[in-house]
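Colleague: model this:
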Amino acid sequence: MPQRDLTEGKVSLHLARLGLPMVLGVAGVISVSIADTYFLGQLGTEELAAISFTFPIVLTVTSLGIGLGAGATSVLSRAIGSGAGSEAKRLATDSVVIAALLSALVCGAGFLLARPLFSLIGAEGEVLGMIVGYMRIWFVGAPFLILPIVLQGLIRANGDSVAPSLIMVGGAAVNVALDPLLIFGVGPIPSLGVEGAGWATLGARAVMMIAAFWVATRRDHLLTRALPSSSEFASSARKVLKVGVPAAGSNAINPVSISIVTAILATYDHQTVAAFGVASRIETFATIPMLALSSAIGPVTGQNWGKGERARSRRAVRDSFFFVVLCGLGLGGAFFFLGGPMAALFSDDTVVQNLARGYLAIVGLTLGGYGIVITASAALNSVDKAVTGLLVTMLRSFVLYVPLAYGASILWPSWVVFAGIALSNMSAGVVVWFWTFRAMRDRGRTGEAVLQAA
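Modeller: You can find the predicted model right below:
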């Protein structure tokens, strides 16, 4: 198994080498959501509201794959750092098997529960019908989403982010190319509307899974055909899920909290929901450098932690925090001047445009705080402190984000809800900065113990 050593040389250079290719990869993945929003926005406000309703649930399911990928990346990077080559292959292979089993369960449950699930968060009428048609196709493709995420995490744990980035860009290109053909129809292809976006996504995921399997098996030889004993598989499962379950929960918390805030905003009107969906997608696309860094920090901190180089792991976290703060300030300035034109790209409705512009202007400058939270969570997952990673995410989402949004919605207009979101980002960023370094100084304490001490 070829390895790429991240325990020697400058930490900042490793972060840049792994993070820069992932900027392109993450941009490719997020461009799919942007493209869906753009093309469906041409059909009308109801179609735009429909796809906006799906965003939190799509992120929640994706979080399962990201969590399993984080578990696989954590155990594999630490095994590589400690020099345990044979154990690394066993852990990588069993991670893929676990992902296949869990994604099959998600596929079945999501297909059957799509209608009651979206009714629960406020969708109704024709909008609900569009959502159900789209999400049933989306859930069928869940295994083709989760498995590539885990496989790409294994490849990154081995020190390569270029191949995962190319896979992500290739899948995104297929998706964006299929979107207009299936949404609007052309020649013998009928117009499928919202469901067309679902079929485009399914086709792109199949391409990504084939490519990821090829790299992991044929090029990097990360997987083994040897069958494990029951005790070996149980041991692998414990190690992967010890990180994967809290990491999945950590990644799911943000979209769940977004779903709750979407339901809160639905008490205003569909235009407010559509504006929130547009602004959230623009915000996600703009934070690509932060997301790319969060995918790069795991292999760096994990390999160094596995080798016992804890000071290098902490240095990687420190450098990352400084970067996301500067990045957030730059984004805030850009949103202040360009938020209106950006929103106009996705909707002709002036009310939707004005609300989305207001969100970007108010929340933009505080995105550095959000970046600290996601970067800290990724770093803590990689050093086997996933419970602490879960807790810092809960702090931002459930202690600050949702309560502040709900409290503002009771008496005030929607822009005050946006101000509550901004306050949650700032407060969480300050607390998590100090909490993370305290957790990484004391290896023997659990996330719960650190929380009590804090």
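Colleague: drop to CA atoms for contacts and neighbour counts, all remaining ones
Modeller: OK.
Colleague: Just checking the distance from stretch 108-121 to the centre of its chain.
Modeller: Counting by CA atoms, centre = their mean, to the nearest Å, stretch 108-121 is centred 21 Å from the centre of its parent chain.
Colleague: Mind listing residues that contact that stretch?
Modeller: Under the criterion CA atoms under 8 Å, 6 or more residues apart in numbering, residues 53, 128, 131-132, 135-137, 139-140, 259-260, 262-263 lie in contact with stretch 108-121.
Colleague: and what of stretch 336-354?
Modeller: So stretch 336-354 is contacted by 37-38, 41-42, 45, 271-272, 274-275, 278-279, 282, 356-358, 360-361, 364 (CA under 8 Å, 6+ apart).
Colleague: that older thread, please produce a markdown table containing the contacts of stretch 108-121, extended by secondary structure, pLDDT and distance to Ala343.
Modeller: Shown next, in a markdown table, are the contacts of stretch 108-121 (DSSP: H, G, I helix; E, B strand; the rest coil; pLDDT from 0 to 100; distance: CA to CA, whole Å):
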| residue | secondary structure | pLDDT | distance to Ala343 |
| --- | --- | --- | --- |
| Phe53 | helix | 79 | 18 |
| Leu128 | helix | 86 | 24 |
| Ile131 | helix | 85 | 23 |
| Val132 | helix | 87 | 26 |
| Met135 | helix | 88 | 25 |
| Arg136 | helix | 89 | 29 |
| Ile137 | helix | 90 | 28 |
| Phe139 | helix | 89 | 29 |
| Val140 | helix | 88 | 32 |
| Ser259 | helix | 78 | 21 |
| Ile260 | helix | 86 | 23 |
| Thr262 | helix | 84 | 18 |
| Ala263 | helix | 83 | 21 |
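Colleague: Give me the buried subset of those.
Modeller: Buried subset of the contacts of stretch 108-121 (neighbour count, 16 or more other CA atoms under 10 Å): 53, 128, 131-132, 135-137, 139-140, 259-260, 262-263.
Colleague: Generate a markdown table for those residues, with distance to Val431 as supplementary columns.
Modeller: Below are the buried ones among the contacts of stretch 108-121 laid out as a markdown table (distance: CA to CA, whole Å):
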| residue | distance to Val431 |
| --- | --- |
| Phe53 | 31 |
| Leu128 | 39 |
| Ile131 | 38 |
| Val132 | 40 |
| Met135 | 37 |
| Arg136 | 40 |
| Ile137 | 41 |
| Phe139 | 37 |
| Val140 | 40 |
| Ser259 | 24 |
| Ile260 | 23 |
| Thr262 | 26 |
| Ala263 | 28 |
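Colleague: now do the same end-to-end measure for stretch 179-194.
Modeller: 10 Å (CA to CA, to the nearest Å).
Colleague: buried residues in it?
Modeller: Quick answer for stretch 179-194 (16+ other CA under 10 Å): Asp179, Pro180, Leu181, Leu182, Ile183, Phe184, Gly185, Ser191, Leu192, Gly193, Val194.
Colleague: Looking at those residues, which is nearest Ala172?
Modeller: Closest to Ala172 out of these is Asp179 (10.5 Å), distances taken as CA to CA.
Colleague: Go ahead and confirm Gly244 touches Ser63.
Modeller: No. Assessed by CA atoms under 8 Å, Gly244 is found out of contact with Ser63, at 10.2 Å.
Colleague: Out of these two, name the residue with the larger neighbour count.
Modeller: Each of Gly244 and Ser63 has its neighbours counted (other CA atoms under 10 Å); Gly244 has more, 30 against 24.
Colleague: For the stretch 251-400 of the chain, which segments count as helices?
Modeller: 270-286, 288-307, 310-344, 350-363, 367-382, 386-394 (DSSP state H, counting those that start in this stretch).
Colleague: which of the contacts of stretch 336-354 are buried?
Modeller: The buried subset of these - by 16+ other CA under 10 Å - is 37-38, 41, 45, 271-272, 274-275, 278-279, 282, 356-358, 360-361, 364.
Colleague: how far is the helix or strand where Gly171 lies from where the chain is centred?
Modeller: Under the criterion of DSSP states H and E, Gly171 resides in helix 162-184. For helix 162-184, the separation from the chain centroid amounts to 17 Å (computed by CA atoms, centre = their mean).
Colleague: relative to helix 288-307, how tilted is that helix?
Modeller: With axes from the mean of the first three to the mean of the last three CA atoms, to 10 degrees defining the directions, helix 162-184 sits at 140 degrees from helix 288-307.
Colleague: Looking at helix 162-184 now, give me its mean pLDDT.
Modeller: Averaged across helix 162-184, the pLDDT comes to 90.
Colleague: What ranges does the stretch 101-250 of the chain have for its helices?
Modeller: 125-140, 142-157, 162-184, 194-214, 230-265.
Colleague: JSON lines for the ones you listed, including distance to Ala72?
Modeller: Output for the helices of the stretch 101-250 of the chain, formatted as JSON lines (distance: least, CA to CA, whole Å):
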{"stretch": "helix 125-140", "distance to Ala72": "23"}
{"stretch": "helix 142-157", "distance to Ala72": "6"}
{"stretch": "helix 162-184", "distance to Ala72": "15"}
{"stretch": "helix 194-214", "distance to Ala72": "15"}
{"stretch": "helix 230-265", "distance to Ala72": "6"}
